[in-house]
Structure formats: C-alpha cells, structure tokens
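Peer 1: Sharing a sequence plus its predicted fold:
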Amino acid sequence: MTFSRLSFFLLSSVFMLTISCQRSEVQIQGELKKWHKIELVFEGPKTNEMDEVNPFLDYRLDVVFKSNNKEYVVPGFYAADGNAAETSSDAGNVWKVRFTPDEIGEWNYTVSFKKGDEVAVSQDISKATSGGFMDGQKGVFTVLESDKSGRDNRAKGRLNYIGGHYLQFEETGKYFIKLGVDAPENLLAYADFDGATNALDFQKTWEPHQKDFAEDAKSFVWQNNKGENLLGAIHYLASEELNAFSFLTFNVDGDDRNVFPHLLKVPVSEYEAYANDKKNKEAWENMFHKTRYDVSKLDQWERIFDYAETQGMFLHFKTNETETDHLMDKGDFGVEGKLYYRELIARFGHHLVMNWNIGEENDDPIRKVVEVANYIKTLDPYKHHLVIHTFPNKDDRYADLIGDQSPLTGASLQLSRENFSDVHPRVLKWRTKSDSTGVKWAIAVDEPGSAKIALLPDNEDLTHDFARGNAMWGTLMAGGFGVEWYFGYASPNSDLTCQDFRSRDLFWDQNRYALHFFDNYIPFWEMASADDLLIDSNGFCFAKKGEVYVVYLQPDQKTANILLEESEKLFEVQWFDPRNGKFLESASQELATSYGLLSIAKPSESEDKDWVALIKKSE
C-alpha cells in the first residue's frame, strides 16, 4: 500500500494517525509540529525484557526521515506494551522511534527492522536478516509550525554546536548562556521510579519540592501522582530562571549506586545489602543483566525530561563517572557500552537542548575516549554538543582531544580552589588552546570549587561573593558559555544528599542577574576575553574591541584604566551591580578617550564591593 499524502486532524493536543500495513500497524503520536516530539509506534514481535531473543540487542529498529532538505537516521527501541510508565509492563509487542522535525512541510519515512545476534550494535547491517513486521514500511506526514512561546524549548529550536564558543538555538538564532545545577549527581535516584533502590540511604523523595508542583506538570506524572516532587523541583529551578541541570545515568559501584537503566539479576534488597558496603565493587559483574533494560523506568525518566523541555532546561547527560567508566566490557568499548549509548540516544536523543558527557572525572585511555566519541557522533542523528569532564589536575588530557583529534565539541571543566580563583584562567587556557587548532570548543565550568564544600548553602555563605565573582563572572568573562554549580560532598544538601534546591535560593538570584546582563546588554557571542587591556588591574575584561567592553572589578579594586583604541570616540559608561542586578543610573556618563586610555572609578557609595562596568561606543 502506498500513500501520496496523508490527511490528518489535530485532536486536542495529541494527534494520532493509524495506518494499516501488512502485518503491522503504525501510529504517529504527538503534535505534528516543528520541534515537537513525534513518536512512530509500531507493532512488532511479541516479546519481553528477558526473552531468549534479546529485544534490546538482537533486534534493530532504524527509521530514515527525509524532507526536501534534510535526512536523519533515527534509532528506535523496544517499548514493551507502549505505555510502560503507567503499567510497569515488561512485555509486549510495541517498538518506538522518537523524532523532532526541524522543518515544516512533508516528511517521508522508511523503516528498517532487522533481527540477528547482536544486530543492534553491528557496524554493518547490509546483510542482516529482516525482522518482518514493519521492515521496509514507508509513509509520510506533514509538519506545521510550532505554537510554543516563552521559555519552552520548542519555541527556540534545537541547541546546536556551530563551530564556535557558544551554542545557538536553531529557530531563533539566539546564543545560549547556561547557568544551572550540577548537583545532585544522583538526581535520578528517585523513589517514584520503577526498580528504585536505596543503597547507602541516598534514595530521594524530593519532598521539599512538593509545594512547587505546578498545574502545567499534571500531564507528566505517572501512576496517579508519582513524579510530582521531582517535577516540582524542576519547576522551581525554572522559576528561578536557572536553565540547566545534570544527572548521571549510570553509577553502579559509584558514589551513590542507585542510578542505572539496566535490570537487576537479584532482588532489590539483596542488591542494596551488597551495595551498602562501599568496599564491594563487583555489582556490575554479578548482579546486573548487562544488555537488558528496565523499559518502564526509562519511560518514567522520559516524563521528567519531557517536562524539563517545556521549562526551557538544558539536559546534561553524564553517562559515566570515574568509578563506572571501566565497568562495561571490562574497560574496553564493546557490546555492553555500545548498546548502552544506543539505548540512551534512541530514547532521549530527540531532546532539543542537551549535551552528551562521556564521563565525569573521566580517566579512560584517550584511545577509548575517541572511540566512544566517534560512536556517539555517528549514532546521534542530531549531533548534539559532545563533551568530556576531567579531574581538575588532569585537564591536560584535553590536549590530546582538541582540534581534529576527536569529535568532541567542548570541555566540561572541574576546578578545585575553595575561592574559585582557578576558574577564569582555566577557561581561558582551553579556549585559547582550542582556538589554536582551528576548532573552537564551547567550554563550560560544570564543577567549580573544592570537592569538599564548593557552593555552600545560603545559611553558611549568605553573600556567595567568591562564587559570584571568581566562578560565575570569571567563567563568562573568559568566554565560557556557562556554569553548573556543584554542592560539595560535606555540605548540607550536598552533591549526593541534596533534595532541596532552595538551600541556595539567594544565590540563584545572582545567577539570574548575570544571565539577564549577558542576554540583554551585550553581543557576548562576538566578544572575547581582553584582560590585557586592563592596566594595573587584576579584574576581568570582555570585549568586542572598538564597540563594547565589560569590566569586572573585584571588591579591592576601586579604579581601572582600560586601554582602548586611539580615537576621539565617545564611550558611555554604566555601572551594573552584580549583587542586586541593577544599573546605577546616576553613574552613567559619556567620556571621550584620551590617547586610547579610559579611566573609570567605582560608585563611591559602595566602592568596597564588586561592580561591573559596561562601556559602549556612543551612537
């Protein structure tokens, strides 16, 4: 049966198209709109998570989507009964592909469904056996413009690495500054997920954020009211105008031990008893089905990520940590690792604003890092930003990865000084080194501060002066594209124990002020660090020379001399208070440069505080 064009109707907010074709039915679910998630739902072989023919490894679903200008090969996945988040089903005959179209108009699709030993991770499937059912099926659907607005990512489009130091939204053309949370790393160790464990007593309820659950999140809960508290936590972050959070997707034998997408071989109680002793480090070898996945848990993860998309969040997928990056395939990159990344990409790679992080504090051989990165780049149809995170004293590993040595597009930096004074120079170091290769990395600081305390709660650091000045402004003034805040291992609401993001509520305001400044007042994507323009000052300077300069002065700096071009241009100077997010209007003035040197002085009423000078060429 062939179709030249399918007519369709939008019913409420969910569109469903059913096509009968040979032995299989196809449903196209979701709003058929640009940047919206569209699911192709197929009836395939009836099976289960533990079937002798492994539905994750021994079947392979791929769909090619074509428009007039674009083509994507998107991997699919086994979905049990198709509604596993609600039913907790581990069996069924449903297979899915998730796709986010980036053009309006007609899209054609062609289905490949193969069967064979380890076919899911085979490099060449040209001679693979057909899996029947939907294999070879073709169809067409029409995509309309998105109707979303505001912070919803679907109003902005996919966030792309475009070969520069900043990621760009494809729909709006705007560039992205990231300010969010790197903690807790075990965000997904959540009691409401199926198969949840409580090793080391780190399981989360997110109860402090129950009051933040919003009306717009009701459609994302599962099994009556599960998920409400974590959805509330994400709504809280968005209400503070933070725009990113990170999470490990695999921490077996790691610091927490409760986050994994795989199925256990043993009862939860047996696993918890073993994992509670941190000397035990053989759980992966003895207690897990290494190529079998918990479909319902992963479907529930997707509910959380889907809601985060509506809240304008950047999803930072940390796919391993230093304790786990050597577990799969006993340190090599084989069937276990390849299937793991295929499952992540197939189920979650459609999200618009995200990155893949190969490993937190990764210490794998460079050869393996490159192999993993190449695999992800090849499999990910959307080519999301791809990074790796290192130990603070091992960042020279990047020297073997910048340029054309790897497909990585940026660095996820970890630092170690308690006062964050190492942040600015480290960002500059790798921005400069990547520039020298001709491949500009987009660099973020995703774990600033000492491992023990990092970003303290408000009740232990009311003003957060060092975090604000050295870490946040230090990153942004060096040309880094953002910061995610680590909470330390010894602080209340720590990197492992945090369940209340309000523990740093006062500091989130300061993040919002910085974000507004960069988004609204300067063309930051055209600017670069220019600290060398400051004479006798250890402040920060960020500039588009001849046009706009931003100077950050530390509390102990009352004045600064900035070396500008030798001209008679007029420059307007405005003082911005990074502590309270306001411009001091009374301090605005127009000044002519004198022999290229401009002298500025802080507002006298608070010259012992940090201030930001915005210096623009007067029209």
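Peer 2: That came through, no problem.
Peer 1: which residues touch the nearest residue to Lys156 once chain neighbours are set aside?
Peer 2: Spatially, and ignoring its direct neighbours in sequence, Lys156 is nearest to Phe169 (4.1 Å; Cβ to Cβ, 6 or more residues apart in numbering). C-beta coordinates here come from the backbone N, C-alpha and C atoms, glycine included. Residues in contact with Phe169 (Cβ atoms under 8 Å, 6 or more residues apart in numbering) are 156-160, 175-176.
Peer 1: Among the residues you listed, which one sits closest to Thr197?
Peer 2: Distance to Thr197, by Cβ to Cβ, is smallest for Leu159 among those, at 32.8 Å.
Peer 1: residue contacts, the closest residue to that closest one other than its chain neighbours?
Peer 2: Leaving out its chain neighbours, the residue that sits closest to Leu159 by Cβ to Cβ, 6+ apart is Val353, at 4.4 Å. Counting by Cβ under 8 Å, 6+ apart, Val353 touches 153, 156, 158-159, 176, 309, 312-315.
Peer 1: Mind pulling up the pLDDT for the residue nearest to His289 when sequence neighbours are not counted?
Peer 2: Distances taken as Cβ to Cβ, 6+ apart place Leu263 nearest to His289, at 4.5 Å, with adjacent residues excluded. We have a pLDDT of 98 for Leu263.
Peer 1: what's the host helix or strand of Leu263 in contact with?
Peer 2: Using DSSP states H and E, Leu263 sits within strand 262-264. Strand 262-264 is contacted from outside by 49-50, 195, 252, 271, 287-290, 292-294, using Cβ under 8 Å, 6+ apart.
Peer 1: Is there a quick PyMOL command that grabs whichever of those are buried?
Peer 2: With 16 or more other Cβ atoms under 10 Å as the burial test, the buried ones among those are selected in PyMOL as follows:
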select buried, resi 49+195+252+271+287+288+290+292+293+294
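Peer 1: Take the contacts of strand 262-264 and keep only those in strands.
Peer 2: 288-290, 292-293 (DSSP state E).
Peer 1: okay, those residues in a markdown table with distance to Ile345 next?
Peer 2: Below are those laid out as a markdown table (distance: Cβ to Cβ, whole Å):
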| residue | distance to Ile345 |
| --- | --- |
| Phe288 | 20 |
| His289 | 20 |
| Lys290 | 18 |
| Arg292 | 18 |
| Tyr293 | 13 |
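Peer 1: ok so, going back, please identify which pair of the contacts of Phe169 lies farthest apart.
Peer 2: Arg158 and Tyr175 (13.6 Å).
Peer 1: related to what we said a few turns ago, tell me the strands beside the strand holding Leu263, with direction?
Peer 2: strand 288-293 (antiparallel) (DSSP bridges).
Peer 1: and the helix or strand just after the partner strand, what other elements does it pack with?
Peer 2: The element immediately downstream of strand 288-293 (helix or strand, assigned by DSSP H and E) is helix 295-310. Contacts defined by 3 or more Cβ pairs under 8 Å, 6 or more residues apart in numbering; DSSP states H and E place helix 295-310 against helix 84-87, helix 228-239, helix 335-348.
Peer 1: quick one: contacts of helix 295-310?
Peer 2: In contact with helix 295-310 (Cβ under 8 Å, 6+ apart) are residues 37, 49, 78-80, 83-85, 87-90, 152-154, 188, 192-195, 216-217, 220-222, 226-227, 230-231, 234, 245, 261, 315, 343, 347-348, 351-353.
Peer 1: how does it look with 7 Å?
Peer 2: 49, 78-80, 84-85, 88-90, 152-154, 188, 193-195, 216-217, 220, 222, 227, 230-231, 234, 261, 315, 347-348, 351-352 (Cβ atoms under 7 Å, 6 or more residues apart in numbering).
Peer 1: Show me the strands in the stretch 501-619 of the chain, by range?
Peer 2: 528-529, 534-535, 540-544, 548-553, 559-563, 570-577, 582-592, 597-601, 611-617 (DSSP state E, counting those that start in this stretch).
Peer 1: and the third one, what does it pack onto?
Peer 2: So that's strand 540-544. strand 548-553 (3 or more Cβ pairs under 7 Å, 6 or more residues apart in numbering; DSSP states H and E).
Peer 1: any idea which of the ones in strands among the contacts of strand 262-264 is the one closest to Trp473?
Peer 2: Proximity to Trp473 was ranked across those by Cβ to Cβ; first place goes to Tyr293, at 42.4 Å.
Peer 1: I'd guessed that closest one sits against Phe250; true?
Peer 2: No. Checked against Cβ atoms under 7 Å, the pair Tyr293 and Phe250 is beyond contact range at 11.4 Å.
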